[in-house]
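Colleague: need coordinates for the below:
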Amino acid sequence: MSDIKIIRYNKKYLDEVIKLIISFSPEISTEMKIKEFEWFYDNNPYINEISDYPIFIAVTSTDKVIGVRGFFLLKYFYNNETFLTLGPSSAYVDSEYRRFGVFHKLNLYAINALQYEENIKIYLNLSSNKYSTPGYLKLGWQSINLKSHLIYFNPFYLFKVERALNMQNYFKGFQILIGEHVLDKLNSKDLFHYDKDRFSILRDPKYYNWRFNNPNKEFIKILLKDEENILAYLVVMINKDFTFNLYEFQYTDLKFLKILITFFLKIKKVRKISVWAPTLTIQELMFFKKLSFYSINPKVFKLFGKNKLPYLVRPNCENITSNDWHLFKKNITEERNWKLFYSDIDG
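Modeller: Numbering: from 1, shown residues only. Take a look at the predicted model:
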């Protein structure tokens, strides 16, 4: 294995990288994978805030790419401070080179190289699996003690709404806009209530013009306003078989979010909607329960052998000290210091 070297990615290796990625998902066309790769990295609005691509590759002496380790850039804010986070995303090792420590070497090289990127403060890993989690823990990641659960929609809610409300009057006085570009000019920090004591994605026009344009996913974007003000928005990701994820939402009052959810249920045939809800407030949890959403007890997941893995966080430095686990004097491993949605996860 001495002929393998780890280097930072450059476009010279694009075809080789895509070839390796396609070997793991041959049902997806090369063209689509290139578009998704470009969306992840080239089109990322924060890519110019670091020195180079947050991608690392393992190559042989013949320039064959046998490993890829990429990271997903997002910008967060706390109070009036902004910072970048990295979410582990693209992770592939050629099947012929597994069990030789290639993935571990890629991660080590990345940690060493990225520690010099001053704008990047935190690695935030919300999508690790049972195979990768032990390796991350060995490399210094720690778990965030999130109350990790999904809330699922009960279709009987729509029946109750139709009986209780005159739907035409329910939407009267509001404009509901739905379409690809309805969020493009928003700056949510100025429009909606934010808890300034929590780390949250900076949702501005840069973010909205990019985040929901992943070519491999489909979203529905809905905006609620009256004659003067924007009141709420809802982003829903479309899955298979009439199932959906409430990907993210913002509101000035929960009653306006209720209008958007009700509107969505009227225009779409829905079998199930899930909300990833690790950092919802008590008020938000009660709101969803009143709409007939319900949570699944973690013991049920265990019964089917689906133990929930921890969410992981790590300071962006090679040799971590106790002080590094605090950013703006906030402990980055504590649930109460984060506000997270599906949109915080890569892809």
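
Colleague: all strands for the stretch 51-200 of the chain, in order.
Modeller: Taking DSSP state E, counting those that start in this stretch to define them, one finds strands in the stretch 51-200 of the chain at 55-59, 65-78, 81-93, 120-125, 142-144, 150-153, 175-178, 200-201.

Colleague: in terms of mean pLDDT, which of the ones you listed ranks lowest?
Modeller: Averaged per stretch, pLDDT over those is lowest on strand 150-153, reaching a mean of 82.

Colleague: how far away is the closest residue to Y208 other than its chain neighbours from N43?
Modeller: Leaving aside its sequence neighbours, Y208 sits nearest to L183 (CB to CB, 6 or more residues apart in numbering; 4.3 Å). The C-beta positions use only the backbone N, C-alpha and C, and glycine is treated the same way. Distance, L183 to N43, using CB to CB, to the nearest Å: 17 Å.

Colleague: who has more neighbours, the two?
Modeller: Between L183 and N43, counting by other CB atoms under 10 Å, L183 is the more crowded of the two (24 against 15).

Colleague: how's this structure carved up into domains?
Modeller: 5-145+311-344, 150-301 (automatic domain parsing).

Colleague: lowest-confidence stretch among the ones you listed?
Modeller: Mean pLDDT values for those show the minimum at domain 150-301, a mean of 85.

Colleague: need the contact list for D241.
Modeller: R271 (CB atoms under 8 Å, 6 or more residues apart in numbering).

Colleague: host element of it?
Modeller: Following DSSP states H and E, one finds D241 outside all helices and strands.

Colleague: so it versus S143, what's the distance?
Modeller: Counting by CB to CB, the gap from D241 to S143 is 32 Å.

Colleague: again with T279
Modeller: Distance from T279 to S143, by CB to CB: 15 Å.

Colleague: higher neighbour count, those two?
Modeller: T279 (22 against 16).

Colleague: which of the strands of the stretch 51-200 of the chain sits closest to E27?
Modeller: If you check each of the strands of the stretch 51-200 of the chain against E27 by CB to CB, strand 81-93 wins as the nearest, at 15.8 Å.

Colleague: surely V270 is in a strand?
Modeller: No. Counting by DSSP: H, G, I helix; E, B strand; the rest coil, V270 is not part of a strand but coil.

Colleague: that one: how many residues sit nearby?
Modeller: Using other CB under 10 Å, the number of residues around V270 comes to 17.

Colleague: that one against F153, yeah?
Modeller: Yes. Proximity of V270 to F153 meets the contact threshold set by CB atoms under 8 Å, at 6.8 Å.

Colleague: just list the residues touching the residue nearest to D226 when sequence neighbours are not counted, thanks.
Modeller: Sequence neighbours aside, F174 is the residue nearest to D226 in space, at 5.9 Å (criterion: CB to CB, 6+ apart). F174 makes contacts with L224, K225, D226, L231, I259, as judged by CB under 8 Å, 6+ apart.

Colleague: kindly recompute the last result at 7 Å.
Modeller: L224, D226, I259 (CB atoms under 7 Å, 6 or more residues apart in numbering).

Colleague: and the buried ones among these, selectable in ChimeraX?
Modeller: Selecting the buried subset of those in ChimeraX, with 16 or more other CB atoms under 10 Å as the burial test, is done by:
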select :224,259
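
Colleague: nearest to E16, out of the contacts of F174: which one, please.
Modeller: Taking the contacts of F174 together and measuring to E16 by CB to CB, the closest member is L224, at 46.6 Å.

Colleague: how far is the helix or strand containing that closest one from where the chain is centred?
Modeller: Here L224, judged by DSSP H and E, is contained in strand 219-225. Taking CA atoms, centre = their mean, to the nearest Å, the mean C-alpha location of strand 219-225 is offset from the chain mean by 19 Å.

Colleague: in stretch 111-125, what's buried?
Modeller: In stretch 111-125, counting by 16+ other CB under 10 Å, buried: I111, A113, L114, E117, I120, K121, I122, Y123, L124, N125.

Colleague: which one of those is nearest to D344?
Modeller: Scanning those for proximity to D344, where the rule is CB to CB, the winner is L124, at 7.2 Å.

Colleague: the closest residue to E49 other than its chain neighbours and L74, how far apart?
Modeller: Of all residues not flanking E49 in the chain, N119 sits nearest, at 5.0 Å (CB to CB, 6+ apart). Using CB to CB, we find N119 at a distance of 12 Å from L74.

Colleague: repeat for K330
Modeller: Distance check for K330 against L74: by CB to CB, it reads 17 Å.

Colleague: can you check K268 too?
Modeller: Relative to L74, and taking CB to CB, K268 is found at 28 Å.

Colleague: more neighbours: which of the two?
Modeller: L74 (21 against 13).

Colleague: wait, that one touches I201, no?
Modeller: Yes. Using CB atoms under 7 Å, L74 is in contact with I201, at 5.9 Å.

Colleague: contacts for the one helix or strand F256 maps to?
Modeller: Of the helices and strands defined by DSSP H and E, F256 is found in helix 254-267. The contact list for helix 254-267 (CB under 7 Å, 6+ apart) reads 158, 161, 167, 171, 174, 176, 222, 224, 231-232, 234, 236, 249, 251, 283, 287, 291.
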